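>>> Kindly return the folded structure for what I paste below:
(one chain, ligands or ions: 2)
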Amino acid sequence: MSQTTEVNPDLVMERAKCNFNVLEVTHLIDGGEQNTLQRKKIENIALNDGAWKDPIGEEHMTPKEKYENSVRKTCIYGSIVKNELAELSGMESFGMNFLAVRRTADAFFKEVTPLLQQFGQFVPTILGQCTPEQLSCWLPKALGLKIIGTYAQTELGHGTFIRGLETTATYDPETEEFVLHSPTLSSYKWWAGGLGKTVNYCIVVAQLYTKGECHGTYPFMVPIRDEDTHMPLPGIKVGEIGPKMGYNTGDNGFLAFNNYRIPRENMLMKHAQVLKDGTYVKVARHGKLTYGTMVFVRVVLVSDAAFNLAKACTIAVRYSAIRRQSRPRPEEPEPQVLDYATQQHKLFIAIATAHAFQLCSVWLWDSYNVVLAQMKDGNTDTLTEFHALSSGMKAISTSDSAQLIEQCRHACGGHGYMISSGIPNLYNYVTATRTLEGDYTVLLLQTARFLVKAYEQAEAKKPLTPSVAYLAHAFSGRKTTWDSSPDGIIRSFQALAAGKIAACVRNIRKRMQAGLSQVDAWEMSTIQLVAAAEAHSRAVIADTYRREIVRLTANSSPNVKAVMEQLTILYLYYWALERTGDLLMYTSVSEKDLVDLQEAYEELLLKIRPNAVGLVDAFDLRDEILHSTLGSYDGRVYERLMEEALKSPLNKEPVNQAHFKYLKPLIQGKL
Ligand SMILES: CCCCCCCCCCCCCCCCC/C=C/C(=O)SCCNC(=O)CCNC(=O)[C@H](O)C(C)(C)COP(=O)(O)OP(=O)(O)OC[C@H]1O[C@@H](n2cnc3c(N)ncnc32)[C@H](O)[C@@H]1OP(=O)(O)O
Ligand SMILES: Cc1cc2nc3c(=O)[nH]c(=O)nc-3n(C[C@H](O)[C@H](O)[C@H](O)COP(=O)(O)OP(=O)(O)OC[C@H]3O[C@@H](n4cnc5c(N)ncnc54)[C@H](O)[C@@H]3O)c2cc1C
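Ligands and ions are numbered 1, 2, ... in the order given. Sure thing, here's the model as predicted:
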């Protein structure tokens, strides 16, 4: 942890007040002491020599300078963490090295590296979609950065509806090549990260045609720029898509093909093949295995949501401890804003949620590895449930994180609006993750498809998979009895998920009986289906968070156990109070129970208050990674804000020329 000599006295006081061992909680978050040591080792290698520093503040650079600076730092960073990046050669190894690389990358890149997609999707697609021969050809090149690539699926006209993509890959048996073509403007590839200027290869998802028949979308390895001159190859039109809310150092691009030819071997053929004579051979047992990269990234994004939220609440809690405002008791000094109950209400849920998502992401990752292992043995039975689960968790974690990061900004008042606070960049990054890799609503509707089928299974008294086992109790005809214990609240969350799913099924059936088609009846019910999938995902998250904390703190010291338990209960109370209407509908909760719950919630905030700074210190986020004037370990907020203000290019001269050119003539009435 970075420490300077002078630490703000309020933070010194807060740290003295903390009643638990901060390092013990850090180990818990990292998944053990060895992991913490390994992470710190990589952080020291990557960060200690200051290579992440910018010549001038990135926010003062032009878009072109920003991009070039980001490429410069990518090359430095890539050479520092070369060995750790090589670890990505097995998708199962999403270990501490990967997470440490993810963390330290944020010291180098306030937005993103243009090589994010190289490791976020290009390498994972090679791993998941290639035959062994293709893997041995492309993986070493990609990992060794001999080729730089991205993943171009989305088009101007379609992102969500993959089956609607228009780019075609038509097999020509005469030359044993595929001909890639963009027949319309809406078929132009759009969005792929790094495509604008950086990459020379691209995995392109296109409609496969052979022998006059379309076989759906498949990925193709496509060289797009000359490996020597980096010029776009003939038949390729490529460029950058322009300024965005965030990701501005990521050169997202567009791409179009004019009857562009690639060898037959460049179709990624793990799940289907086109033989030399053009015969199409399907290998995969499950129709959606070509969507595998998206499933992988959705799992990664849950962990990313937790990490970014931890950053935001570290900034906001430390700042709230040094910020003093208003004088409710005239005889006393102005209180730290962290002492206001409303401030605690804004922030402590953010800490608890960061823990919840972190633990869920590890659990989801372990479940994913089980699914991958089963698929290696040819068994794809659990993929459908995992797709529903990962879709729901990705949707909720990215959406909640974005909202809570914005809440952290609110908690920092005016200074939170400064780019130098670090929060705007965090928000701009995370809010995009709600959309990319599958939009929030669209993914929850995928979860809902699974839930409706699971409900029908339960109705028919057929066996249920673990994440929906609670549906077996949905047919008792009685409201679930309210019980404010943690397990009782989780049962209530499951009851309201079950109630909402049942209501959806009833509505769909009623509408179909009234004459609507299945598609129309489903469409009319989608508002409720999204709400049901949200309720289900929240029940899974709450249950996983609680179970994992109980398991992980079994041997913890009493005070660590206590504070971890308080956060878990806070999470449950918070969401119960957010959903009082639903609880009244689906459980026996009474008005008095809800009044008691609100009171218990407020008392819990008070109990957590003395440990708040200790809790965010336990995330162990180095100042270099936080990039925040408000959130540094030493709390020298005002000095840092002033230092940053003085870096503004407008402060380079006492009077700006605009005064003489425009204002003075206006003042003098000469305009
Ligand atoms: C030196 C530098 C170092 C730097 C290091 C940095 C470290 C790296 C860190 C990594 C961080 C990662 C960040 C990554 C950034 C990502 C950027 C963004 C990328 C993208 O956005 S790529 C494009 C993503 N696009 C999407 O996600 C599209 C969303 N749409 C879909 O997924 C689908 O079209 C659909 C699911 C919405 C519908 O598909 P479709 O119409 O074909 O299917 P149906 O609705 O008809 O359903 C049919 C049945 O198929 C099942 N199904 C659907 N999908 C799947 C799936 N994926 N797996 C399994 N089953 C699936 C449905 O459930 C249906 O089943 P049923 O039984 O018939 O009901
Ligand atoms: C920063 C960023 C980086 C990206 N990087 C990449 C990349 O590297 N490679 C790549 O291929 N793509 C990338 N994308 C694209 C991304 O995957 C898509 O934008 C995303 O999947 C959403 O699809 P869309 O844009 O078509 O939205 P749309 O589907 O057009 O969504 C518009 C609205 O319609 C709603 N909607 C759509 N379909 C339905 C439905 N069936 N039912 C109900 N509502 C619906 C949505 O909920 C949304 O409210 C990136 C996007 C962003 C923002």
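
>>> which residues in the stretch 51-200 of the chain form helices?
Remark: helices assigned in the stretch 51-200 of the chain by DSSP state H, counting those that start in this stretch are 63-80, 82-86, 96-108, 116-117, 123-129, 132-143.

>>> Return the residues in contact with the one residue in the stretch 251-400 of the chain that gets nearest to ligand 2.
Going by C-beta to the nearest ligand atom, ligand 2 is nearest to N252 of the stretch 251-400 of the chain, at 5.7 Å. The C-beta positions use only the backbone N, C-alpha and C, and glycine is treated the same way. Residues near N252 by C-beta atoms under 8 Å, 6 or more residues apart in numbering: W191, A192, G193, G194, L195, G196, E240, I241, K244.

>>> repeat that for 7 Å
Residues near N252 by C-beta atoms under 7 Å, 6 or more residues apart in numbering: W191, A192, G193, L195, G196, I241, K244.

>>> Next: G477.
So G477 contacts nothing (C-beta under 7 Å, 6+ apart).

>>> just L529 next, same as before
L445, A448, C504.

>>> so how many other residues sit close to T587?
With neighbours defined by other C-beta atoms under 10 Å, the count for T587 comes to 23.

>>> likewise D520?
D520, neighbours per other C-beta under 10 Å, totals 13.

>>> returning to that earlier point: nearest to Q38, out of the contacts of N252: which one, please.
G193 (28.0 Å; C-beta to C-beta).

>>> what's the closest non-adjacent residue to the closest one?
Q117 (4.0 Å; C-beta to C-beta, 6 or more residues apart in numbering).

>>> and if you look at R409?
R409 sits nearest to G416 (C-beta to C-beta, 6+ apart), 4.1 Å away.

>>> pLDDT wise, what is the one you found at?
Note for G416: predicted pLDDT of 98.

>>> mind starting the numbering at 626 from now?
In the new count, where the first residue is 626, that last one comes out as G1041.

>>> is it true that it touches G1047?
No. Applying C-beta atoms under 7 Å, one finds G1041 not in contact with G1047, separated by 9.3 Å.

>>> Compare those two and say which one has the larger neighbour count.
G1047 (27 against 22).

>>> Is that one in contact with G1256, as I believe?
Yes. Using C-beta under 7 Å, G1047 is in contact with G1256, at 6.3 Å.

>>> Just name the shakiest helix or strand of the protein by mean pLDDT.
Among the helices and strands of the chain, helix 707-711 carries the lowest confidence by mean pLDDT, DSSP states H and E, at a mean of 77.

>>> got a list of contacts for it?
Residues outside helix 707-711 that contact it (C-beta under 7 Å, 6+ apart) are I667, N722, A725, V726, F744, L768.

>>> hmm, 10 Å instead?
663, 667, 670-671, 702-703, 720-723, 725-726, 729, 740, 743-744, 748, 765, 768-770 (C-beta atoms under 10 Å, 6 or more residues apart in numbering).

>>> export that helix as CSV, just CAs?
Provided in CSV are the C-alpha atoms of helix 707-711 (Å, rounded to 0.1, in the frame of the first residue of the first chain):
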residue,chain,number,x,y,z
LYS,A,707,4.8,-10.6,-20.9
ASN,A,708,5.1,-13.7,-18.7
GLU,A,709,1.8,-13.1,-17.0
LEU,A,710,0.0,-12.6,-20.3
ALA,A,711,1.4,-16.0,-21.5
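
>>> in the chain, which spans are strands?
Assigned by DSSP state E, the strands in the chain fall at 774-777, 793-797, 802-806, 814-817, 826-835, 838-848, 861-865, 878-882, 885-888, 897-899, 905-907.

>>> okay if I get the ones you listed as a markdown table plus mean neighbour count and distance to ligand 1?
Below are those laid out as a markdown table (neighbours: other C-beta atoms under 10 Å; distance: least, C-beta to the nearest ligand atom, whole Å):
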| stretch | mean neighbour count | distance to ligand 1 |
| --- | --- | --- |
| strand 774-777 | 30 | 6 |
| strand 793-797 | 20 | 17 |
| strand 802-806 | 21 | 18 |
| strand 814-817 | 24 | 7 |
| strand 826-835 | 23 | 8 |
| strand 838-848 | 18 | 8 |
| strand 861-865 | 17 | 16 |
| strand 878-882 | 24 | 13 |
| strand 885-888 | 16 | 21 |
| strand 897-899 | 19 | 15 |
| strand 905-907 | 12 | 15 |
